[in-house]
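Peer 1: got a sequence here, can you build the structure:
(chains A and B)
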2 protein chains.
Amino acid sequence: MKQNDSVSLLVVRRLPRYYRFLTELKKSGIVRISSKELARRMGLTASQIRQDLNCFGGFGQQGYGYNVDQLSDEIERILFLDVSMPAIMIGVGNLGRALSSFLYEAKGIKLIGLFDKNPKHITELNPDLNVMGITKLDEFCAEHKPQIAILCIPSEHAQQMASRLVSLGIKGFWNFSHVDLHLDPSICVENVHLGDSLMTLGFNVHTQLKDVVRGGESTEKTDSNAD
Amino acid sequence: MKQNDSVSLLVVRRLPRYYRFLTELKKSGIVRISSKELARRMGLTASQIRQDLNCFGGFGQQGYGYNVDQLSDEIERILFLDVSMPAIMIGVGNLGRALSSFLYEAKGIKLIGLFDKNPKHITELNPDLNVMGITKLDEFCAEHKPQIAILCIPSEHAQQMASRLVSLGIKGFWNFSHVDLHLDPSICVENVHLGDSLMTLGFNVHTQLKDVVRGGESTEKTDSNAD
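Peer 2: Numbering: from 1, shown residues only, chains lettered A, B, ... in the order given. Here you go, the predicted model:
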């Protein structure tokens, strides 16, 4: 399948959601689905779905709909989930440890190293996690060439660490530190600002209860991964 | 301060970010800042910032700029961070435990109960966490009236649990389960789909490396809390 070269970021950001829905369909043993039915389940329009998938060549057949397995495999390829990208985690606190168990099961990424300023303490808590000291970082990156870094360190150290990681060859950050990183535009950053997300929810619930915001805006479902 | 009644959700979603930057400014001892300088630090335009803050009455003074403390306090009030909303957590696995320590320090929310299908196991791991069995949920909600639920349960159970929680009076969900919830529009849902976020990052790094996506779209900084 030839991938369209001018794929918009907006379409790309919807693909993981398609993939999630298709995985659910597979689990429930559904082998084919019409764009109309997929649209209903995803809260999109059928034409939106056809447009999105056409960006990648389109896999639907007139009168048949989409083959769930095939479409899911295609999106898996499009999202490069069939290629494992080496990643390291910086900061293995509570959140880092929770993410590590999630990451060991995730497709498209391979967690090859965990780093913390206090590796002993963490390894005592979780003997299964082989956590290294930050002092080993340069040597490790030179040898194993990780491309993604998962940042779970306090915000005051995040920018300095991110710049250091870029100089060590990191191309993308999954940033859980509560700060926006200033890096070269060639570096990809996906922020997960949990604090911002929680504040938005709190505001929406308050305003929904107090009906401060008119037009039902506060009731709008938000998606932390939506664009 | 009289709050503008027709605040757009887009402005609201930027406020936590303003709050985060102002908190950093306070930490570094900065007492006042011009909209121009705040814009520079936040990667916005000065007029955007003035527009946003004018929605809430605007606190800037001509030739003085913004008083950091005052502006931060105002945004804290606007986001209802001075009011603690009672919340419960459903599913106290690795992620739930990590979030609980984050939540105990967060403003605007008070975690009053944690629930899991296997409370004994978790309490053994973390004696400090008082985790209750799901069977206690109805009784607890009737007595303590939580308004927010943090969902950290497997996706296959999330929809059913969410519907049950709505019937128990929950008004908003911080949803970490990897599924989109179908609920009454009056219910606020803030999704944190970590899987989607990670897939988006992976795609962006791959395409950046392979330069598949043209126009530098793949290098665009994304924010999981951006609208």
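Peer 1: in the longest helix belonging to chain A, what counts as buried?
Peer 2: Ranked by residue count under DSSP state H, the longest helix found in chain A is helix A:9-27. By neighbour count on 16 or more other CB atoms under 10 Å in any protein chain shown, the buried set for helix A:9-27 is A:9, A:11-25. In short, each C-beta sits where N, CA and C put it, glycine included.
Peer 1: what about residue A:44, which SS state?
Peer 2: Reducing the assignment to helix, strand or coil with DSSP: H, G, I helix; E, B strand; the rest coil, the entry for residue A:44 is coil.
Peer 1: how many neighbours does it have?
Peer 2: 18 (other CB atoms under 10 Å in any protein chain shown).
Peer 1: need the contact list for it.
Peer 2: Taking CB atoms under 8 Å, 6 or more residues apart in numbering or on different chains, we find residue A:44 in contact with residue A:38.
Peer 1: how much space separates it from chain B?
Peer 2: 11 Å (CB to the nearest CB, to the nearest Å).
Peer 1: picking that back up, out of the buried residues of helix A:9-27, the closest to residue A:93 would be?
Peer 2: The shortest distance between residue A:93 and any of the buried residues of helix A:9-27, using CB to CB, involves residue A:16 and amounts to 26.0 Å.
Peer 1: surely that closest one touches residue B:194?
Peer 2: No: counting by CB atoms under 8 Å, residue A:16 sits too far from residue B:194 to count as a contact (10.3 Å).
Peer 1: check the offset of the longest helix of chain A from the chain's centre.
Peer 2: Computed by CA atoms, centre = their mean, to the nearest Å, the chain-centroid distance of helix A:9-27 equals 12 Å.
Peer 1: what about that helix and chain B, touching?
Peer 2: Yes: legend: contact between helix A:9-27 and chain B by CB under 8 Å from any CB of the partner chain is shown at A:9, A:12, A:13, A:15, A:16, A:17, A:19, A:20, A:24.
Peer 1: can you give me the pLDDT of the last one?
Peer 2: I take that to be residue A:24. In this model, residue A:24 is scored at 90, pLDDT.
Peer 1: that one reaches residue B:155, doesn't it?
Peer 2: Yes: Residue A:24 sits in contact with residue B:155 when judged by CB under 8 Å, with a separation of 7.4 Å.
Peer 1: what ranges does chain A have for its strands?
Peer 2: All strands of chain A, identified by DSSP state E, fall at A:32-33, A:66-67, A:85-90, A:109-116, A:131-133, A:148-151, A:172-175, A:188-191, A:222-223.
Peer 1: same list, those strands, but as TSV with distance to residue B:118 please.
Peer 2: Putting the strands of chain A into TSV (distance: least, CB to CB, whole Å) gives the following:
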stretch	distance to residue B:118
strand A:32-33	35
strand A:66-67	38
strand A:85-90	27
strand A:109-116	26
strand A:131-133	27
strand A:148-151	28
strand A:172-175	29
strand A:188-191	32
strand A:222-223	30
